[in-house]
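Chemist: structure for the following, please:
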Amino acid sequence: MEVRPDVVDILSGFALFADMSTPELENIVQTFGEVYFAEGERVVRQGLTATGFYVVLDGGANIVVGGKERGNLRPGDFFGEISCLLGEPPTADVVATKPLRCLVLAPHALEEFLVANPHVMYRVLQGEARKLRTTTKWLS
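Modeler: You can find the predicted model right below:
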């Protein structure tokens, strides 16, 4: 598979992939697929089957739970990891707010990817801690 240099450059600026070498980033680009969504398109549907672990490259999206906007996603953010890791349906909709380009990894491949890339796994864990803190604030 051809390595997309623009994607390697984009990933090198994301906290999720900080400190990774160019060959490591090239491997990530080869491991993940690339997907596009139009403005207004639903990327993930609450309650349906997990579709993958996504990393936003360009564009933006809203996180919607029960019809209420609960957050937004921008380049460098990721989503879908909870459904992939737990094998459960997504707990939120993700809707593109403008043309959206993402890398995506199939649900069954996420655990192996994280184990092989412990620095990324740690940053995903940090992201989960931030999401938990935000959810706690919503509930209080």
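Chemist: just the strands from the chain, written as ranges.
Modeler: Secondary structure of the chain, counting by DSSP state E: strands at 33-37, 42-44, 53-58, 61-65, 68-73, 78-79, 93-96, 100-105.
Chemist: so where is the chain shaky, pLDDT-wise?
Modeler: Applying pLDDT under 70 to the chain flags residues 1-3, 138.
Chemist: got the domain ranges for it?
Modeler: 1-31, 33-108 (automatic domain parsing).
Chemist: who's in contact with the longest helix seen in the chain?
Modeler: The longest helix of the chain (DSSP state H) is helix 118-139. Applying Cβ atoms under 8 Å, 6 or more residues apart in numbering, the external contacts of helix 118-139 come out as 15-20, 70-71, 78, 81-82, 113-115. The way it works is simple: take the backbone N, C-alpha and C, and place the C-beta from them, glycine included.
Chemist: reformat the domains of the chain as JSON lines; add mean neighbour count and distance to residue 119.
Modeler: Formatted as JSON lines, the domains of the chain follow (neighbours: other Cβ atoms under 10 Å; distance: least, Cβ to Cβ, whole Å):
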{"stretch": "domain 1-31", "mean neighbour count": "15", "distance to residue 119": "6"}
{"stretch": "domain 33-108", "mean neighbour count": "17", "distance to residue 119": "14"}
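Chemist: dump the ones you listed to TSV, plus distance to residue 135.
Modeler: Formatted as TSV, those follow (distance: least, Cβ to Cβ, whole Å):
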stretch	distance to residue 135
domain 1-31	20
domain 33-108	9
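Chemist: tabulate the strands of the chain (TSV), appending distance to residue 9.
Modeler: Shown next, in TSV, are these (distance: least, Cβ to Cβ, whole Å):
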stretch	distance to residue 9
strand 33-37	14
strand 42-44	23
strand 53-58	10
strand 61-65	22
strand 68-73	20
strand 78-79	18
strand 93-96	22
strand 100-105	13
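Chemist: returning to that earlier point: show me which residues of the longest helix of the chain are buried.
Modeler: By 16 or more other Cβ atoms under 10 Å, the buried positions in helix 118-139 come out as 120, 123-124, 127.
Chemist: closest to residue 42 among the residues you listed?
Modeler: Of all those, residue 42 sits closest to residue 127, with 21.9 Å by Cβ to Cβ.
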